[in-house]
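# Just a sequence and a predicted model for now, questions to come.
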Amino acid sequence: MAAAVPMPSPEPSATSPPAVAALVSLVALAVGLTLPDVDLRLGLGHRSALTHSLLPALLLLAWRQRAAACGIAAGIAVHLAADCFPRRMTGYATVKLPLFGALPPLESYAWLALNAAAALLLAAWWARRLHAPAARALVGLAALAAALRYLWHDPGGWPVLALAGGVAFAVVRGKRRSLFRHPPDREEH
């Protein structure tokens, strides 16, 4: 009888080169950008709460696929952020809960926004733990380029780009101002 040959794991191990974890995260990011819309092929109805949520990334974490979960979460965050800006939040655009039907518009906006924020936070948290600073910077730049490309071509992406640009401008401006402020002199009594 032949000995069983262990199957290689798609997840990088603790001893894998940092480039492998970075590559897994980047490939997963590309998949995550369109993963929420797999609901159309699965017959779940568009904007299913199962796919338009943090659930796919959490499932990967449960299976200890941390680098993949990091990338999937980042891609889902970008996708859901763009989905927060449909032409009208009615019918096709609303989030569908299995067995319960569509959420009302306000709750659909909340679902998408909260899941986008949670996915972004999860991706950032795992990126800090999985990737060395240089790899994290490269993964971050590649993720930013992929997100910009996706948002540039998605009708809901323009408001996201405008909001992100406004936040980035405010942060940079605030930091620049704080660099030039001097603490007030304290008078001794």
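That came in fine, so what should we check first?
# and the longest helix along the chain, average pLDDT?
What stands out as the longest helix in the chain, according to DSSP state H, is helix 105-130. Averaged across helix 105-130, pLDDT comes to 95.
# Over to stretch 27-47?
pLDDT averaged over stretch 27-47 gives 95.
# what does that stretch contact?
If you take C-beta atoms under 8 Å, 6 or more residues apart in numbering as the criterion, stretch 27-47 is touched by 48, 50-52, 56-57, 60, 67-76, 78-80, 83, 92-96, 98, 108, 142-143, 146-147, 150. C-beta here means a position set from N, CA and C on the backbone, and glycine is covered the same way.
# Just the endpoints, please. Distance across it?
Stretch 27-47 stretches 23 Å from its first residue to its last (C-alpha to C-alpha, to the nearest Å).
# residues of it that come out buried?
28-33, 35-36, 39, 44-47 (16 or more other C-beta atoms under 10 Å).
# Distance of Ala170 relative to Ala147?
19 Å (C-beta to C-beta, to the nearest Å).
# make that Gly71, sorry
The value you get for Gly71 to Ala147, if C-beta to C-beta is used, is 12 Å.
# how about Leu103, phi and psi?
Torsion angles at Leu103 (phi, psi; degrees, to the nearest 10) stand at phi -80, psi 150.
# I'd assumed Leu112 was in contact with it.
No: Leu103 is beyond contact range of Leu112, at 9.7 Å (criterion: C-beta atoms under 8 Å).
# Identify each buried residue in the helix or strand where Arg149 lies, please.
Assessed by DSSP states H and E, Arg149 sits inside helix 133-153. Residues Ala135, Arg136, Leu138, Val139, Ala143, Ala146, Ala147, Tyr150, Leu151 are the ones in helix 133-153 that count as buried (16+ other C-beta under 10 Å).
# Which residues are in contact with the last one?
Contacts were defined as C-beta under 8 Å, 6+ apart; by that measure Leu151 touches Val78, Ala81, Ala82, Gly157, Trp158, Val160, Leu161.
# Next, the last one: secondary structure please.
Going back to what we said before, that points to Leu161. Assigned state for Leu161: helix (three-state reduction, DSSP: H, G, I helix; E, B strand; the rest coil).
# ok, the residue lying closest to it once chain neighbours are set aside to Ala117 distance?
Closest residue in space to Leu161, ignoring its immediate chain neighbours: Leu151 at 5.3 Å, by C-beta to C-beta, 6 or more residues apart in numbering. Counting by C-beta to C-beta, the gap from Leu151 to Ala117 is 16 Å.
# Could you do Trp63 as well?
Where Ala117 is concerned, Trp63 sits at a distance of 24 Å (C-beta to C-beta).
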